[in-house]
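J.: Turn this into a model:
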Amino acid sequence: MPTTLTSLRRHARSPGHVAAAAYRALSNQIELVDMSPPALRRGMAHGNIYKPDKVDAALSNYFRPGNLTALRAGPPLGGWPAAVPQ
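T.: Sure thing, here's the model as predicted:
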């Protein structure tokens, strides 16, 4: 089902309690870094995030500049929108 933020189908996701437990366990090892969409895309293009054979598909699908800008903005007042049922 597509999300209202990116209009893309989610293939997998982790339950919130799994992410929260991982964050609590690793909070002293996690560093959140704010990168501009062009900087993130450059890093991806250089193979810093995805394997080289996956980069083109990632950049042309989910990691488009508009999606990255929307995700970087953070959750809107009231939280992220729920997935839209089909």
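J.: So which elements touch the helix or strand bottoming out on mean pLDDT in the chain?
T.: Of all the helices and strands that make up the chain, the one with the lowest confidence by mean pLDDT, DSSP states H and E is helix 16-26; it has a mean of 75. Based on contacts counted as 3 or more CB pairs under 8 Å, 6 or more residues apart in numbering; DSSP states H and E, there is no element that helix 16-26 packs against. For every residue, glycine as well, the C-beta is placed using N, CA and C.
J.: What's the first helix or strand after that helix?
T.: For helix 16-26, the succeeding helix or strand toward the C-terminus, using DSSP states H and E, is helix 37-45.
J.: Could you name the helices and strands sitting against the helix or strand following that following helix?
T.: In the C-terminal direction, the helix or strand that comes right after helix 37-45 (DSSP H and E) is helix 52-60. Of the remaining helices and strands, those touching helix 52-60 by 3+ CB pairs under 8 Å, 6+ apart are helix 37-45.
J.: Contacts for the helix it packs on next, please.
T.: Helix 37-45 is contacted by residues 35, 49-50, 55, 58-59, 63, 65, 68-69, 72 when judged by CB atoms under 8 Å, 6 or more residues apart in numbering.
J.: and with 10 Å instead?
T.: When contacts are defined by CB atoms under 10 Å, 6 or more residues apart in numbering, helix 37-45 is touched by residues 33-36, 48-50, 52, 54-56, 58-59, 63-72.
J.: buried subset of these?
T.: Buried subset of those (neighbour count, 16 or more other CB atoms under 10 Å): 50, 55, 58-59, 63-64, 67-68, 71.
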